[in-house]
Every structure is written in structure tokens, then in C-alpha cells.
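Engineer: Predicted structure and sequence below. I'll ask about it afterward.
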Amino acid sequence: MTVLMVSGTGTEIGKTVTTAAIAAAAVAAGRSVAVLKPAQTGLGPAEPGDAAEVVRLAGSAVTARELARYPEPLAPDTAARRAGLATLSPAEIAEAAQRLSAGHDLVLVEGAGGLLVRFDEAGHTLADAARLLGAAVLVVAPAGLGTLNSTALTAEALRARGLTGAGVVIGSWPAEPDLAARCNLADLPEVSALPLLGAVPQGASSADPAAFRAAARAWLAPPLHGTWSADSFLTAWPA
């Protein structure tokens with residue numbers, strides 16, 4: 001798993017903190033890690049973006065790269081057009097990821113919003129970059145009501161494009177999950193046909209970075225360099 005695309009079912013669902021947790025767990029397992037943010041939107045030139053947040057949480061051993069930045073919090077294609085800036089093509093994203101993979105054991109490519117958010121005028125998406133790379137896509141999903149439909153749709157879009165879904169991680173697991181969240185633990189793998197590979201606690205990004213790094217492996221399953229068990233988690237949070 002040299003390159004792993006980290007996508008999601010929407011915005012503000014925990015993609016960046018999940019990417020940071022995977023990076024921290026991989027570094028703890030002795031891997032060299034890079035994170036690539038193709039398009040950062042909604043921030044000014046000097047403001048720290050998602051890639052910088054991953055480094056803050058996962059540690060300075062992680063290499064970070066951002067390809068483009070657009071000031072308005074919109075889809076990359078729209079944000080680029082409104083700002084009069086160049087868009088990104090799948091080939092540019094894939095080339096950057098390949099360059100990083102030459103010097104790192106794992107490259108995490110964090111998308112913008114959901115899987116099919118447009119990056120350029122031709123309507124290309126993160127899925128097109130994943131196809132060029134032959135990379136698997138990890139789906140980050142919310143815990144609560146509505147997540148089954150959006151996760152199933154994302155998994156269906158992956159399969160329709162011949163892409164491999166690595167699994168699903170819940171990007172923000174609440175301290176006191178309601179009935180819908182608890183039921184979704186069992187239902188998410190069934191509706192998506194993807195394994196559940198972790199649950200990052202709500203508010204994890206507010207933790208001291210050293211504490212974040214120490215805890216990250218416990219939030220993720222072994223394929224993501226962690227120790228988390230879906231069976232044990234289901235037992236701890238019965239529906």
C-alpha cells in the first residue's frame with residue numbers, strides 16, 4: 001500500500017484527523033510517510049492547511065506537500081475558476097504522489113470533500129487520480145444518521161470505476177453515541193461491502209500532539225498500522 005487515497009462521504013467529517021492518525025500509526029510502525037494535499041481551499045496563502053495539520057498531529061517526521069491553494073471554501077474547480085487560478089489535473093496529482101512514493105513507504109493523498117468533487121474543468125475527480133496510480137481509496141464517514149446512504153453511494157462509485165476500496169473509518173466517533181451510531185457500526189460494512197477499519201474519537205485533533213500520536217494506533221485496524229479491532233469495538237458499543 002505505497003499510495004493510499006483518503007476520501008470521504010462529504011466535508012467536515014474527519015478526513016484530515018484520520019489522515020493524521022494513519023500517518024502517526026505508520027510512523028510508529030517504522031514507516032516513512034508523506035502526505036499530499038492536492039487542493040487546499042478556503043484559506044489564505046499564509047494560513048496552515050490540512051497538510052500542516054497532519055504534520056502538527058502526526059509529527060515532523062511526516063513529509064507534507066500541497067499542490068494548489070484557492071481562497072474560497074468551494075470545490076477546487078469552482079474555487080480555481082473564481083480566483084482565476086489554474087486547476088489541477090489527475091495526471092499532476094498522480095505525478096506528485098509517485099514522486100513522493102519514491103522516497104517514502106507510504107503516501108497519503110487527502111482529497112477535498114467527497115470522492116466525486118471536481119478538480120478541473122473537465123470534471124476529473126480524486127477517483128481519476130486513484131485510477132492513474134492504481135491506488136486504493138479509504139472512505140472516511142460520519143458516525144450518525146444518514147451515513148449508510150452516503151457511504152454506500154461512495155462505495156458504489158468506487159466499484160463502478162473499477163477502483164479498490166480499502167475500507168471505512170469513522171472520522172469522529174462520539175463519546176456518547178446514539179442508537180443510530182451504534183447500529184451503524186454493524187451496518188456500514190454490510191451496506192458498503194467494505195471492512196470497517198477504525199473509529200477516530202470525536203475531538204481527537206484537540207489533544208496534545210504527543211498524546212494523539214501515542215493513541216493513534218488504538219483507533220485504527222492492522223491494515224492501517226493500528227491495533228483496533230472491529231469485533232471488540234462492536235462488543236463495547238452494542239446496539
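Structural biologist: Everything's here; your move. From a predicted model like this one, the values you see are computed outputs, not experimental measurements.
Engineer: residue contacts, residue 97?
Structural biologist: Contact partners of residue 97, counting by CB atoms under 8 Å, 6 or more residues apart in numbering, are 3, 36, 107, 109, 129, 133, 135. For every residue, glycine as well, the C-beta is placed using N, CA and C.
Engineer: In strands, which of those fall?
Structural biologist: With strands defined by DSSP state E, the entries of the contacts of residue 97 inside them are 3, 36, 107, 109.
Engineer: bridging residues for the third one?
Structural biologist: Spelled out, it's residue 107. Applying DSSP bridges to residue 107 gives these bridge partners: residue 3, residue 34.
Engineer: count of neighbours near it?
Structural biologist: By the measure other CB atoms under 10 Å, the count of residues near residue 107 is 27.
Engineer: same deal with the last one?
Structural biologist: For residue 109, the number of neighbouring residues by other CB under 10 Å comes to 28.
Engineer: quick one, what contacts it?
Structural biologist: By CB under 8 Å, 6+ apart, the neighbours of residue 109 are 3, 4, 5, 6, 35, 36, 38, 93, 97, 126, 129, 135.
Engineer: Let me have the residues you listed in CSV, extended by pLDDT and distance to residue 60.
Structural biologist: Formatted as CSV, the contacts of residue 109 follow (pLDDT from 0 to 100; distance: CB to CB, whole Å):
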residue, pLDDT, distance to residue 60
3, 98, 22
4, 98, 21
5, 98, 24
6, 98, 20
35, 98, 12
36, 98, 17
38, 97, 22
93, 97, 24
97, 98, 21
126, 96, 27
129, 97, 27
135, 97, 25
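Engineer: which one of those residues sits closest to residue 18?
Structural biologist: Taking CB to CB as the measure, residue 18 lies nearest residue 6 of the contacts of residue 109, at 6.5 Å.
Engineer: Need the CA coordinates for the helix or strand harbouring the closest one. CSV is fine.
Structural biologist: The secondary structure element spanning residue 6 is strand 3-8 (assigned by DSSP states H and E). Taking C-alpha atoms only, strand 3-8 is exported to CSV below (Å, rounded to 0.1, in the frame of the first residue of the first chain):
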residue,chain,number,x,y,z
VAL,A,3,-0.2,5.2,-2.1
LEU,A,4,-3.5,5.4,-0.2
MET,A,5,-6.1,7.9,-1.2
VAL,A,6,-8.2,9.3,1.7
SER,A,7,-11.6,10.4,0.6
GLY,A,8,-14.9,10.7,2.3
